[in-house]
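J.: just need the structure, nothing else, for what follows:
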Amino acid sequence: SVDFNLKNNSSNPVHKLRLKNDSSHVVAFNGKCNFCRKPHKIYTCKEFLQLSIDDRIAKVSELNLCKNCLCSGNESAGFSGKKSVEEAESFASSYVSNDIKASYVILSTVCAYIYDRAGKLHICNCMLDNGSQPNFLTSNLVRNLELDEIPVNISINGVSNVIANVRSKCNVWLASMHNNFNLKLSCYVLPTITGCLANVEVNISDWKLPDNVSLADPKFNIPNQIHFLIGASHFWRIFRAGIIYLGKGMPVL
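T.: Numbers count the residues shown, from 1 in each chain. Below is the predicted model of the structure:
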């Protein structure tokens, strides 16, 4: 369980952030989803992924899509080479196969209060990552809160040696939504931290969550933009001692 959901004990009103999606990870795709007709592939379509496996199979048949690669005839013709076809078939078939039980990795997220330049409280979606040495926040969040930036010039080395150039950092205060716990953090500013978490909406209607536990992120199962990453330096200060098992094949609190 997490100790990072604090009640607002001050008289300051809480403001909900409305941030534009400032993602820099853009992949060109000129087609439309065969299911919802929006500009993405069907196997990344949230509406399609919310269907049961049986309903997906029925919809694929109804739309006359290939059961291996989930493409129409015209799209399949666009693959170049045997390898790309095999990769597409292997990737897409997992979405319409009853032989594979859907599973998700739910990363640790937190809803916390963050103070803007004027001292007003806002709700911020945070990710906890003990594999990251620094803390990060998005440039979009910095602009919306009108935070003071400190110029820096460093490079952050990430997964697969991908390098991100950082030009500024900020000092910010985070506060829990359930108690008096708070943190002052120094954070590097990046255009984007990660995609939405959770990756897809997870059905938790049959989960037996304990009534006496306040979740750090009550909407952990619903995709939301991540504005803040809390790294290893404060990671273990946030977690409470003890483990709560929800059952076989279930997450641990």
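
J.: where are the low-confidence patches of the stretch 51-200 of the chain?
T.: Judged by pLDDT under 70, the stretch 51-200 of the chain has its weakly predicted residues at 67-69, 73-104, 159-160.

J.: would you list every one of the helices in it?
T.: 53-62, 73-76, 82-93, 139-145 (DSSP state H, counting those that start in this stretch).

J.: what are the boundaries of the strands in the stretch 151-253 of the chain?
T.: All strands of the stretch 151-253 of the chain, identified by DSSP state E, counting those that start in this stretch, fall at 163-175, 182-190, 228-230.

J.: pick the most buried one from those strands.
T.: strand 228-230 (a mean of 23; mean count of other Cβ atoms under 10 Å). For glycine as for every other residue, the C-beta is placed from the backbone atoms N, C-alpha and C.

J.: any residues touching it, and which ones?
T.: 110, 112, 114, 124-129, 132, 135-138, 141, 174, 185, 187, 193-194, 238 (Cβ atoms under 8 Å, 6 or more residues apart in numbering).

J.: what's the pLDDT at residue 223?
T.: On pLDDT, residue 223 comes in at 91.

J.: for it, give its distance to residue 109.
T.: Distance, residue 223 to residue 109, using Cβ to Cβ, to the nearest Å: 11 Å.

J.: overlap in contacts, the two.
T.: In contact with both residue 223 and residue 109: residue 197, using Cβ under 8 Å, 6+ apart.

J.: higher neighbour count, these two?
T.: Counted by other Cβ atoms under 10 Å, residue 223 and residue 109 do not tie: residue 109 has more neighbours, with 21 against 15.

J.: hmm, back to that, dump the strands of the stretch 151-253 of the chain to CSV, plus distance to residue 203.
T.: CSV is the format used below for those (distance: least, Cβ to Cβ, whole Å):
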stretch, distance to residue 203
strand 163-175, 30
strand 182-190, 32
strand 228-230, 27
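
J.: residue 46: what's its closest spatial neighbour, skipping adjacent residues?
T.: Distance criterion Cβ to Cβ, 6 or more residues apart in numbering; nearest residue to residue 46, sequence neighbours excluded, is residue 200 at 6.6 Å.

J.: the one you found contacts residue 223, correct?
T.: Yes - Residue 200 lies in contact with residue 223 (Cβ atoms under 8 Å); the separation is 6.8 Å.

J.: shared neighbours of the two, anything?
T.: Common neighbours of residue 200 and residue 223 (Cβ under 8 Å, 6+ apart) are residue 46.

J.: what about the residue sitting nearest the centre point of the chain, distance to residue 127?
T.: Geometric centre of the chain, nearest residue: residue 197, 1.9 Å, by Cα atoms, centre = their mean. According to Cβ to Cβ, residue 197 and residue 127 sit 6 Å apart.

J.: any shared contact partners between these two?
T.: Counting by Cβ under 8 Å, 6+ apart, the residues touching both residue 197 and residue 127 are 107, 109, 226.

J.: and the first one, how many neighbours?
T.: What that stands for is residue 107. 14.

J.: could you find the closest non-adjacent residue to it?
T.: residue 197 is the one closest to residue 107 (Cβ to Cβ, 6+ apart), at 5.6 Å.

J.: likewise the second one?
T.: Excluding its sequence neighbours, the residue lying closest to residue 109 (Cβ to Cβ, 6+ apart) is residue 217, at 4.4 Å.

J.: in this structure that neighbour contacts residue 106, no?
T.: No - taking contacts as Cβ under 8 Å, residue 217 lies outside contact range of residue 106: 9.9 Å.

J.: shared neighbours of these two, anything?
T.: By Cβ under 8 Å, 6+ apart, no residue touches both residue 217 and residue 106.

J.: neighbour-wise, which of these two wins?
T.: residue 217 (24 against 14).
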